[in-house]
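K.L.:
Next comes the sequence, and after it the predicted model I'd like to discuss.
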Amino acid sequence: MKPTRVLARALAHMWPFRGRFLTKLAIVLLGLVPVLLLPWPTKILIDHVIVGTPFGALPRPYPFFVRWFTDWLPEHDPMGILWWTVVAQGVLLVLVGAFGTTSPENSYADTSLASGGDTATTTENAANAGWSAHGGLVGLLETWFTMRLTQDLNHRFRCDLFARLLATPMPALADTQLGDAVYRVMYDTPAITNACYRLVLTPIVAPIGLALTAGAIELAFGDLPELILAALAFLPLSFLVTWPFVTALRRAATESRVAGARATAKLSEALARVPAIQGLDAGTGERQRFDRMSWAGFTSHRRMLLLGGGAALVATFAGFGLALYTFLHIADLVIAGRISVGDFALLFAYFAQVVFYVVELGTCWIRLQTSAAGLGRVFDALDAPAEHVPAAAVDAPVAPERIRFEQVGFDHAGAPVLCDVSCELRRGELVALVGPAGAGKTTFASLVPGFLVATAGRVLVDGRDVTELRAASLRARVGFVFQEPGLLQGTIADNIRLGDPDASDLEVRRAAMLAGADEFVRALPAGYATAVGRGGAKLSVGQRSRVAIARAFLRDAPILILDEPTAALDPASERRLVARLRELAPSRIVLVISHRLAIAQAADRVLVLEDGRLVEDGAPRDLLARPRGAYRRYVELQQLGTA
C-alpha cells in the first residue's frame, strides 16, 4: 500500500477525535506567541545591564510588541532593569516554563518514560505520548490533555484491530501466526500517534511559526533580509538531502517490524509447545531457530537506524555552511555597529527558530516513513478478507427445527474434504457422526454455524441458506464444543461464563453439574475461583473437556454440536454425559462427533462419513443389521480394539 494511502487512512481513523485535535492545534498555535517574546529579556539584559547602553542610544528601536515594556524600564537604574526583567522572565517561567534564548535553555513537558531504542519501550511511549512545547502550568495542562488524546486514539485503533482479528474466518485463522498478530496489535498500532500529530500539526504550525518569526525579524531588522533568506534556504535543502532516503527508510522500517514480528511469533509458538519440545528433546533446534530470527530483528533495526542517522548526518553537513554564514554575518553586523551585542543573541535565537520550523517541514515526510511502515501492517490486517455478510442477511430462527445438507461439498487448498453430502438434522434427535480420522467430520460440523462455507451445495436452517443469515445471530443459536477446549486465562467460573457472561453463580454451577464438572471443581481448594492457567494447563485434559462442555450447556442454545466430547472422559463420566445429552435432545438439534461406541449406540440416528462422503444414515440398530455396512464394520473394529 502506498504511503500516501496509508497516511490518508490514518487521518480517517483520527476523524472521530477531530474536535480534540483542533483544540490541541489551537493550544500549540497560541503557544507560539510566548516563543517570540523569549529572546527579548536576554537582549535587554545584555544591552542595558551588562553593556550599559542607554535605551535611546541603540542602533535600532524596539518593535511595538516589546516597546510597552522597554518604555517603562528607563525610569530604573541598571539594577532595577535587572530585577524587573527577571520578574518578567519569572512570569514566563510559571506560565510556560520557558526562559533563555536557545533550545537547551527552554523547558518543556512530556510523559515519556526513560527508554532505549528498542521497539517495546519506544512503542509504549508512543501509545501514551503526552507533550507540550512549554513547561509550567500551561505545559502541564497541555501535556495531560495530549496524553488523554493519544491514549484514546491508540485505544480505539488497537481495539478495532483486535476486533477484526477476532472476526478472522476459520480457514484464514489457520494461517495466522499468533505472535505476528500480537506484534501488530501492541507494537504497530501506536504508529498512528506520530503520523496524526505530524500530519495535522506540522503543515499548519510550522508555516505559521515561520511567518510569525519572520515577521518579528522584519519588524526589528527590516533592512537585513539576507538573514531570513539564509534561514529559508534550509527548507529546500531539507527536502533535497533527505528525499533519496525516503523509500529505503520505509523499506527498512517495514523489514524491522516484520523481523520483530517473526521473532515474537516464534517465541509464542515455542512457549505454547514447551511440553512437546521437552518431550522430543528439541530445545537445541528451537533455540537455534529463535537465535536466527532474533538476530535478524536486531540487524534490520540497525539498518533502519543507520539510514535515519545517515539522512540526519547529510542534512547536518549540508546546513552547516548556512549556519556558519549566518553566525559570521551577524558577528560582522555587531562589529560594524549596525546592531547591538544584545541583537546578536536575539537574531541568532530567531534564526534558530526559523531553522527549526523549516527543518520540521522539510523532514516531515521522511519522519513519517517509519510510521507508515507500522500503519501499513495494521491496515493489511484490517483489510484481510472477512466473513461475507450479504446486505440482505437476516437473523437465524430463534428455535430452528431442522438443518438440511443438500449435495454439500467442501474443498481445502484444492483438495476435496466433503463430496455430495445430503442429510438432515432434526430437532428432538440426538445424531452421532462417526467415521475414520480425516473423513471430514469436523468440517461437516463447522458448516452449520458458518465457520466454514460450503464450496458446493447448500446448508439450510429451516429452509434458509446459512450464507443468507447473519453470522452473529446464527452462532448465538449454537453451542459448539471443539476438540480443543480452548480455555482462557482466568478462573473456572470465568471460563464457563463465556457461554453466558450474565449467568449467575447458580446457573454456572448447574451447567457444571450437567457436564459432570461440579464434583471435581468443588473438590479444588478455591472451587470455581480456581485459576486454570494458560490454556487450562492447571487442569487435566478431562477436566478441561468438562469445563468446555459446561460452557456450551450454559449457553442453552437450540443447536448443540460436540466434537469428540468424550475423548478425554473416563467411562463413568462418559455415561453421565450421554445421559445428559439424551435429556437435552428433545428440545434441541444435537450433533455429536465421536469415535466412542457409547455415543453412537445412544443416538437416535448415526451418520457415517468415509473419505468425505456420507455412506450411511439411519438408526444405529438398523445400520448394525446390515451385514457389510460401514457402521457395522466400525462397531466390530471398536469391539475388536477393546477385546
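P.N.:
Good, I have the coordinates.
K.L.:
and the end-to-end length of stretch 455-471?
P.N.:
This stretch, stretch 455-471, spans 17 Å end to end (CA to CA, to the nearest Å).
K.L.:
tell me the average confidence for it?
P.N.:
For stretch 455-471, the mean per-residue pLDDT is 91.
K.L.:
do the same with stretch 195-202
P.N.:
On average, the pLDDT along stretch 195-202 is 92.
K.L.:
which residues sit against that stretch?
P.N.:
Residues from elsewhere that reach stretch 195-202 (CB atoms under 8 Å, 6 or more residues apart in numbering): 7, 10-11, 14, 21, 24-25, 28, 153, 360-361, 364, 367-368, 371-372, 375. Yep, even glycine has a C-beta here, placed from its N, CA and C like the rest.
K.L.:
can you do 7 Å?
P.N.:
Contact with stretch 195-202 is made by 7, 10-11, 14, 21, 25, 28, 153, 360-361, 364, 367-368, 371, 375, as judged by CB atoms under 7 Å, 6 or more residues apart in numbering.
K.L.:
now, which of those residues lie within helices?
P.N.:
Per DSSP state H, helices hold the following members of those: 7, 10-11, 14, 21, 25, 28, 153, 360-361, 364, 367-368, 371, 375.
K.L.:
filter the residues you listed to the buried ones?
P.N.:
Neighbour counting by 16 or more other CB atoms under 10 Å classes 7, 10, 14, 21, 28, 153, 360-361, 364, 367-368, 371, 375 among those as buried.
K.L.:
Now render those as TSV, adding pLDDT and distance to residue 81.
P.N.:
Converted to TSV, these look like this (pLDDT from 0 to 100; distance: CB to CB, whole Å):
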residue	pLDDT	distance to residue 81
7	91	51
10	93	51
14	92	48
21	94	43
28	87	33
153	94	48
360	82	35
361	81	38
364	83	42
367	83	43
368	88	47
371	87	48
375	91	54
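K.L.:
could I get the residues you listed as a markdown table with distance to residue 47?
P.N.:
Shown next, in a markdown table, are those (distance: CB to CB, whole Å):
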| residue | distance to residue 47 |
| --- | --- |
| 7 | 47 |
| 10 | 48 |
| 14 | 47 |
| 21 | 42 |
| 28 | 31 |
| 153 | 47 |
| 360 | 31 |
| 361 | 33 |
| 364 | 37 |
| 367 | 39 |
| 368 | 43 |
| 371 | 45 |
| 375 | 51 |
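K.L.:
so which of those residues would you say is closest to residue 262?
P.N.:
Of all those, residue 375 has the smallest distance to residue 262: 19.1 Å, by CB to CB.
K.L.:
show me the contacts for that closest one.
P.N.:
6, 10, 191-192, 195.
K.L.:
got the residue ranges for the helices in the stretch 301-450 of the chain?
P.N.:
Using DSSP state H, counting those that start in this stretch, the helices assigned to the stretch 301-450 of the chain run over residues 341-382, 441-446.
K.L.:
Now do the residue nearest the centre of the chain against residue 373, distance only.
P.N.:
Residue closest to the mean C-alpha point of the chain, counted by CA atoms, centre = their mean, is residue 185 at 2.5 Å. According to CB to CB, to the nearest Å, residue 185 and residue 373 sit 16 Å apart.
K.L.:
For the protein, which segments are assigned as strands?
P.N.:
Listed in chain order, the strands of the chain (DSSP state E) span 109-110, 131-132, 402-412, 415-426, 430-434, 456-461, 464-465, 478-481, 559-563, 589-593, 605-610, 613-618.
K.L.:
Out of those strands, flag the one nearest residue 227.
P.N.:
The closest of the strands of the chain to residue 227 is strand 131-132. By CB to CB, the value is 28.8 Å.
K.L.:
What helices and strands are in contact with that closest one?
P.N.:
strand 109-110, helix 136-166 (3 or more CB pairs under 7 Å, 6 or more residues apart in numbering; DSSP states H and E).
K.L.:
which residues make contact with stretch 326-338 from outside it?
P.N.:
The contact list for stretch 326-338 (CB under 7 Å, 6+ apart) reads 59, 226-227, 230, 339, 341, 344, 347-348, 351.
K.L.:
Which one among those residues sits at the bottom for pLDDT?
P.N.:
When the contacts of stretch 326-338 are compared by pLDDT, residue 227 scores lowest at 71.
K.L.:
still on that earlier bit, nearest to residue 563, of the ones in helices among the contacts of stretch 195-202?
P.N.:
Closest approach to residue 563 among the ones in helices among the contacts of stretch 195-202 (CB to CB): residue 375, at 38.9 Å.
K.L.:
quick one: the closest one from residue 300, how far?
P.N.:
Computed as CB to CB, the residue 375 to residue 300 distance reads 18 Å.
K.L.:
Residue 405 too?
P.N.:
As judged by CB to CB, residue 405 and residue 300 stand 50 Å apart.
K.L.:
Comparing these two, which residue is more hemmed in?
P.N.:
residue 405 (22 against 19; other CB atoms under 10 Å).
K.L.:
thought the more buried one was touching residue 421?
P.N.:
Yes - with contacts counted by CB atoms under 7 Å, residue 405 reaches residue 421, the gap being 5.2 Å.
K.L.:
With adjacent residues omitted, what lies nearest to residue 94?
P.N.:
residue 136 (5.5 Å; CB to CB, 6 or more residues apart in numbering).
K.L.:
ok, now residue 32?
P.N.:
residue 209 (5.1 Å).
K.L.:
separation between that neighbour and residue 373?
P.N.:
Counting by CB to CB, the gap from residue 209 to residue 373 is 28 Å.
K.L.:
ok, and the helix or strand in the chain with the lowest average confidence?
P.N.:
Of the helices and strands making up the chain, the lowest-confidence element is strand 109-110, at a mean of 63, by mean pLDDT, DSSP states H and E.
K.L.:
Low-confidence bits of the stretch 51-200 of the chain, can you list those?
P.N.:
The stretch 51-200 of the chain contains residues with pLDDT under 70 at 75, 96-121, 171-176.
K.L.:
If we use 50, what do you get?
P.N.:
Residue ranges of the stretch 51-200 of the chain with pLDDT under 50: 99-105.
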